[in-house]
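Colleague: coordinates only, sequence not included:
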């Protein structure tokens, strides 16, 4: 049921993310072990889908029976979701942020590696030499000539002992790479869910617009019939005026639904990034939306109570907390002395009184460089206090997020039960109206049921059918939100 044609994931640190416009679709590489695990999970899910049929989305981890996504009901939504991923400016920015953090990680890794530097200086000039022991105070030139000098040096530096802080700084940089990747996944999931919900609301608005147009047509017929009855004296002016007021309300409703449908369509086009993407979509019939039974929802509630929600925001906070803890450990060791190994060679020119006796010399050296920050004005202490405070704040935020997610999942499940009951009740009402409509249209009942009553029945039937679809749309929206808490997105894989 679920499209898995594209996968959003991340290359390993130091690898480039292929960008749009370079001949490769974005987001195709995998992030080392985590990407491999994600691929295995998705293959397992696809195998379960093949084994149990095309209804629902299976979870190997929680054993859930199925979760319905909007694209399962509206297959035309799948290519729109892929297009939305490719054209999202926000995802482009997040992708650039991931690349930036990877560059910072690579730069930080150089702090623990050897460095080799060469310097050279080539100078040209004119040299004048004289003898101060002259007669009558005049200088006597001894020798003058143009000369070219070359000075060179080679320097090699190796961090020798930093109490593990270079590795900690590299670890912090890698954690921030993971934070950026998690933020990318959050943005991707949020964007896809926004497209899904906007599409469902747009489809509902189109349906409501159609019903409003039919309501207006029926209202016009009502008014026309009542005016005819008024002409022959079988109704009152008051009743006609009330129906005309209802006609104006129907016109207003049509205008409001037309406005909402246009607005939602425009929002959807902006999210997708292609103004022509919806041009070919002209669904006249509304598809059947399968619903879970109340017993299945209760079983889902019990299974979710034992499962861990996949909260990307919590994962991001945990990564930031790990970075802050690592930073605290690094700052604690900053007051200890650090040792570097230094080896070098220098070439320069040694001049003598006689230019011809001047010569180049090469000298070399090797040793250790010790640096010790004995007192820093309590900066180190302040940094440690700040790091611990950030860790405590993040731990409290994680606990709050997990609690809110559990509460939110229960609220979504309760809403699913509500919408199932709504669909059942509204479907029964629509069914009764259909039966009454069938009786009203029976020629044998033409004398019993007046035409005006048949029009009223048709109007009530249209409204009841629209309410059923409205409840089903809300069911799909809340099911999608619930799935986002416990499953990777089936389109992006994140």
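Modeller: Ah, there it is. Source: prediction; values computed, not measured.
Colleague: Which residue comes closest to the residue nearest the centre of the chain once chain neighbours are left out?
Modeller: Closest residue to the average C-alpha location of the chain: residue 187 at 1.4 Å, with C-alpha atoms, centre = their mean. Spatially, and ignoring its direct neighbours in sequence, residue 187 is nearest to residue 94 (4.9 Å; C-beta to C-beta, 6 or more residues apart in numbering). Using the backbone N, CA and C atoms, a C-beta is placed for each residue, glycine as well.
Colleague: Based on its surroundings, how many neighbours for the one you found?
Modeller: When neighbours are defined as other C-beta atoms under 10 Å, residue 94 has 20 of them.
Colleague: hmm, back to that, where's the residue nearest to the centre of the chain, which helix or strand?
Modeller: helix 165-231 (DSSP states H and E).
Colleague: Residue 345 now?
Modeller: Going by DSSP H and E, residue 345 is in strand 338-350.
Colleague: which secondary structure elements does that strand contact?
Modeller: With contacts taken as 3 or more C-beta pairs under 8 Å, 6 or more residues apart in numbering; DSSP states H and E, strand 338-350 sits against strand 140-161, strand 359-371.
Colleague: any idea of the mean pLDDT in the helix or strand just after the shortest one?
Modeller: So that's strand 359-371. Downstream of strand 359-371, the first helix or strand assigned by DSSP H and E is helix 379-440. Across helix 379-440, pLDDT averages out at 90.
Colleague: Use 210 as the first number for this chain going forward.
Modeller: Renumbered: residue one is now 210, and that last one reads helix 588-649.
Colleague: Now find how far off-centre helix 588-649 is within its chain.
Modeller: Relative to its chain's centre, helix 588-649 lies at 19 Å (C-alpha atoms, centre = their mean, to the nearest Å).
Colleague: average pLDDT across the strand holding residue 554?
Modeller: Here the average pLDDT along strand 547-559 is 80.
Colleague: Let me know the angle separating that strand from strand 568-580.
Modeller: For strand 547-559 against strand 568-580, the angle by axes from the mean of the first three to the mean of the last three C-alpha atoms, to 10 degrees is 170 degrees.
Colleague: Quick check: buried residues in strand 547-559?
Modeller: Under the neighbour-count criterion of 16 or more other C-beta atoms under 10 Å, strand 547-559 has 547, 549 buried.
Colleague: Each with direction, which strands does that strand pair with?
Modeller: strand 349-370 (antiparallel), strand 568-580 (antiparallel) (DSSP bridges).
Colleague: For residue 527, which of the helices and strands packed on strand 547-559 is the nearest?
Modeller: Evaluated over those, closeness to residue 527 peaks at strand 349-370, with 30.1 Å, by C-beta to C-beta.
Colleague: pLDDT (mean, whole number) over the closest one?
Modeller: 72.
Colleague: ok, now how distant is the residue nearest to residue 539 when sequence neighbours are not counted from residue 540?
Modeller: In space, and not counting its chain neighbours, residue 539 is closest to residue 377: 4.2 Å by C-beta to C-beta, 6+ apart. Residue 377 sits 9 Å away from residue 540, going by C-beta to C-beta, to the nearest Å.
Colleague: cool, and residue 321?
Modeller: Separation of residue 321 from residue 540 (C-beta to C-beta): 17 Å.
Colleague: more neighbours, these two?
Modeller: Per other C-beta under 10 Å, whichever of residue 321 and residue 540 has more neighbours is residue 540, with 20 against 15.
Colleague: Pretty sure that one sits against residue 597.
Modeller: No - here residue 540 lies out of contact with residue 597, judged by C-beta atoms under 8 Å, at a distance of 10.1 Å.
Colleague: residues contacting the residue nearest to residue 539?
Modeller: With contacts defined as C-beta atoms under 8 Å, 6 or more residues apart in numbering, residue 377 is in contact with 535-536, 538-539.
Colleague: And the furthest pair within the residues you listed?
Modeller: 536 and 538, at 7.4 Å, using C-beta to C-beta across the contacts of residue 377.
Colleague: what about these two, which has more around it?
Modeller: residue 536 (21 against 16).
Colleague: Roughly how far does the more buried one sit from residue 320?
Modeller: According to C-beta to C-beta, residue 536 stands 15 Å off from residue 320.
Colleague: Next: residue 404.
Modeller: Applying C-beta to C-beta to residue 404 and residue 320 gives a distance of 43 Å.
Colleague: Name the residue in these two with the higher neighbour count.
Modeller: residue 404 (23 against 15).
Colleague: for that one, what are its contacts?
Modeller: 286, 289-290, 293, 477, 480-481.
Colleague: Dump the strands paired with strand 547-559 into TSV; add distance to residue 692 as well.
Modeller: TSV is the format used below for these (distance: least, C-beta to C-beta, whole Å):
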stretch	distance to residue 692
strand 349-370	49
strand 568-580	55
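Colleague: picking that back up, so who does the residue nearest to the centre of the chain touch?
Modeller: So residue 396 contacts 297, 299-300, 303 (C-beta under 8 Å, 6+ apart).
Colleague: is it fair to say residue 685 lies in a strand?
Modeller: No - Residue 685 sits outside any strand when classified using DSSP: H, G, I helix; E, B strand; the rest coil, being helix.
Colleague: residues touching it, list them.
Modeller: 277, 279, 282, 409, 498.
Colleague: Need the per-residue pLDDT for it.
Modeller: Value listed for residue 685 in the pLDDT field: 92.
Colleague: what's the offset of stretch 524-537 from the middle of its chain?
Modeller: On C-alpha atoms, centre = their mean, the centre of stretch 524-537 falls 20 Å from that of its chain.
Colleague: So for it, mean pLDDT?
Modeller: 91.
Colleague: Stretch 495-504 too?
Modeller: 86.
Colleague: ok so residue 513 is a helix residue?
Modeller: Yes - membership of residue 513 in a helix is supported by three-state DSSP.
Colleague: Low-confidence regions, the stretch 310-459 of the chain specifically.
Modeller: 334-357 (pLDDT under 70).
Colleague: change it to 50
Modeller: 346 (pLDDT under 50).
Colleague: out of everything not next to it in sequence, what's closest to residue 474?
Modeller: Residue 474's closest residue in space is residue 411 (C-beta to C-beta, 6+ apart), at 5.8 Å.
Colleague: no wait, residue 581
Modeller: For residue 581, the closest residue by C-beta to C-beta, 6+ apart turns out to be residue 546, at 3.8 Å.
Colleague: Confirm for me that the one you found is in contact with residue 577.
Modeller: No - look at residue 546 against residue 577 with C-beta under 8 Å: they stay out of range, at 10.7 Å.
Colleague: Show me what whatever helix or strand the residue nearest to residue 396 lives in is packed up against.
Modeller: Residue 303 belongs to helix 298-318 when assigned by DSSP H and E. Judged by 3+ C-beta pairs under 8 Å, 6+ apart, helix 298-318 is in contact with helix 374-440.
Colleague: any idea of the angle the helix it packs on forms with strand 547-559?
Modeller: Going by the same axes, to 10 degrees, helix 374-440 makes 110 degrees with strand 547-559.
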